[in-house]
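Trainee: I'll drop the sequence and a predicted model, then ask my questions.
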Amino acid sequence: MEQKRRGVRLVLFPCPLQGHINPMLQLASILYSKGFSITIIHTRFNSPNSSNFPHFTFIPIPDGISDLDPNSISLAHLSLLNINCVVPLRDCLLRLLSNHNITTSSAEAEPIPCLISDAIMHFTQGVADSLNLPRLALRTSSVESFLSFAAFSVSWQKNCLPDSQLETPVTELPPLIVKDLPMINTFTLDCMYQLLGSMVDQAKASSGLIWNSFDDLEQSALATLSQQFPIPVFTIGPFHKLFSASSSSLLTQDHSCIAWLDTQPPKSVIYVSYGSLVSIDEAEFVEMAWGLANSNCPFLWVVRSGMFHDSERVGPLWPDGFLETIKGKGCIVEWAPQQDVLAHPAVGGFWTHNGWNSTLESICEGVPMLCLPCFGDQSMNARLVSHVWMVGLQLENKSERGQIERSIRRLMVEKEGEEMRERVASLKEKAEVCVNKGGSSCKSLEDLMARILSF
Ligand code: UDP
């Protein structure tokens, strides 16, 4: 551990969603390991478990949505947080900054050079500006999807969104096709435009953009980014490989599935998880269940109790005969230790919604993917997986059990899947090189620290 920068305190503010909290706390752990002291300001809604990070200082602020069921969070709530948290965050930062000015000893005397906040919490730029505090933005998804959000915002302003065929290539954004764009399949266009447009504008106004990605993975998107966003860019991912942080999981991870994986042959198991937010309807659930059972591949399935459209429902209603059929072949948990699962030798494929963390975690363990993206950036991530890196195949939305069964077998037992496994193994190696000494992510981390200390 480097001690020389202890005495400089970094203040971080995550967006309170699982897929955003994880990378922010991983980044905090990386910076702590480099000698910075860490304060996390966070909403009461989905507040992180501070006991897993005893070396950090946690400060909750009011958010106006703390009573919300985490399964009901929507884009509108994220927009609300961008309004409700303005005053509480400003007051909190002001207190921290003035404590620094009046105290001569203790942790409070540590200078605070900047704020590091999630890009989607775009209001933080205005708050930081009002306090003359530089802000670095952390974007927790792919560079590619950020560029398409930026283009989306421009298209919207020009009123020229594509309304044509879903399969048409978007010429400005290869390799995307129209149906990958974020405005498709959403009923809250205004809200989405406001949120994404502000995220992009305020990221542009920031003092630097931090990415949980790595140079070799997104070379061409990074080149475009540097043309469109003339601000410093720090590509220091995959964060969890640079520093394996303590768990920032909001739900309790069920470790019993690791013992079950220990009983399965190498690369035989398909791991199935749609992350922390996606919900599905009854019909999809039944098709998934029988597709998995009929594939004859062993599977580990994460079924969150809140993953059903019907919010009254607690937990799954298993189709008749399903649990008997899968005895010994399937393991079902409510929430898994995903990084350990993907690293387990028995896991040979990942059926995922392509949230960015899941996508990166799969690449880092050399696990090919079956992609079923649902909303937001997921379609763009899935397109990269299936058509650019070619380490996965896409499943059509509303697939029926026969299609699911065939796709699983293509991934898990056929030559096509074997080729994807070889390609993803090579991406895994590239990720390892990036985070090793002298690698691009390590160098970028040095640049980030220099930037922080220059403020
Ligand atoms: N995750 C987990 N256990 C699970 C499923 C997911 O710990 O059973 C973690 C996963 O490792 C990842 C995060 O939750 O870090 C999900 O983030 P992602 O960006 O993939 O999806 P989101 O939940 O934001 O849709």
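Mentor: It's in.
Trainee: can you show me the helices along the stretch 1-150 of the chain?
Mentor: 18-33, 75-84, 86-102, 123-130, 143-157 (DSSP state H, counting those that start in this stretch).
Trainee: quick one: list the elements packing against the fourth one.
Mentor: Helix 123-130 makes packing contacts with helix 86-102, strand 115-118, strand 135-139, helix 189-204 when contacts are defined by 3 or more CB pairs under 8 Å, 6 or more residues apart in numbering; DSSP states H and E. Backbone N, C-alpha and C define where each C-beta goes, glycine included.
Trainee: which of the helices of the stretch 1-150 of the chain sits most buried?
Mentor: helix 18-33 (a mean of 23; mean count of other CB atoms under 10 Å).
Trainee: identify the residues contacting that helix?
Mentor: By CB atoms under 8 Å, 6 or more residues apart in numbering, the residues outside helix 18-33 that reach it are 1-2, 10, 12, 14-15, 38, 40, 46, 48, 53, 55-56, 116, 118, 120, 138, 140, 210, 212, 236, 239-240, 242-243, 245-246, 248-251, 275-277, 355-357, 445, 449.
Trainee: can you lay out the helices and strands packed on helix 123-130 as TSV showing mean pLDDT and distance to Ser256?
Mentor: Conversion of those to TSV gives the following (pLDDT from 0 to 100; distance: least, CB to CB, whole Å):
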stretch	mean pLDDT	distance to Ser256
helix 86-102	90	40
strand 115-118	98	33
strand 135-139	98	33
helix 189-204	87	38
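Trainee: would you turn the ones you listed into TSV with distance to Val302?
Mentor: Compiled in TSV, the helices and strands packed on helix 123-130 are given as follows (distance: least, CB to CB, whole Å):
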stretch	distance to Val302
helix 86-102	33
strand 115-118	24
strand 135-139	25
helix 189-204	27
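Trainee: those: which one's closest to Val367?
Mentor: Distances from Val367 to each of these were compared by CB to CB, and the smallest falls on strand 135-139, at 23.9 Å.
Trainee: show me what from the stretch 301-450 of the chain comes close to the ligand.
Mentor: Applying the criterion CB under 6 Å from any ligand atom, the portion of the stretch 301-450 of the chain that neighbours the ligand consists of Val302, Trp335, Ala336, Gln338, Gln339, Gly355, Trp356, Asn357, Ser358, Glu361.
Trainee: which among the residues you listed end up buried?
Mentor: The neighbour-count test (16 or more other CB atoms under 10 Å) applied to those identifies Val302, Trp335, Ala336, Gln338, Gln339, Gly355, Trp356, Asn357, Ser358, Glu361 as buried.
Trainee: wait, which of those is closest to the ligand?
Mentor: Minimum distance to the ligand across those is 2.3 Å, recorded for Gly355 (CB to the nearest ligand atom).
Trainee: just tell me which of the helices and strands packed on helix 123-130 ends up closest to Met390.
Mentor: strand 135-139 (24.6 Å).
Trainee: helices or strands up against the closest one?
Mentor: Strand 135-139 sits against helix 18-33, strand 115-118, helix 123-130, helix 189-204, strand 209-211, helix 440-454, with contacts defined as 3+ CB pairs under 8 Å, 6+ apart.
Trainee: to Ile408, which of these lies closest?
Mentor: Checked against CB to CB, the stretch from the helices and strands packed on strand 135-139 lying closest is helix 18-33, at 24.6 Å.
Trainee: residue boundaries of the strands in the chain?
Mentor: Secondary structure of the chain, counting by DSSP state E: strands at 9-13, 37-43, 57-61, 115-118, 135-139, 209-211, 233-235, 269-273, 299-302, 330-333, 347-352, 369-371, 392-394.
Trainee: report the buried residues of the third one.
Mentor: When you say that, I think you mean strand 57-61. By 16+ other CB under 10 Å, the buried positions in strand 57-61 come out as Thr57, Ile59, Pro60, Ile61.
Trainee: what packs against it?
Mentor: By contact count (3+ CB pairs under 8 Å, 6+ apart), the secondary structure elements abutting strand 57-61 are strand 37-43, helix 86-102.
Trainee: contacts for the longest one?
Mentor: Think helix 86-102. Outside of helix 86-102, the residues within contact range by CB under 8 Å, 6+ apart are 11, 13, 39, 41, 59, 61-63, 108-112, 115, 123-124, 126-128, 130-131, 133.
Trainee: tell me the angle it makes with strand 57-61.
Mentor: 140 degrees (axes from the mean of the first three to the mean of the last three CA atoms, to 10 degrees).
Trainee: ditto for the first one
Mentor: If you take the same axes, to 10 degrees, strand 37-43 sits at 20 degrees to strand 57-61.
Trainee: who's in contact with the closest residue to Leu384 other than its chain neighbours?
Mentor: For Leu384, the nearest residue in space outside its immediate sequence neighbours is Glu144; the separation is 5.9 Å by CB to CB, 6 or more residues apart in numbering. Glu144 makes contact with Glu218, Ala221, Met380, Asn381, Leu384 under the criterion CB under 8 Å, 6+ apart.
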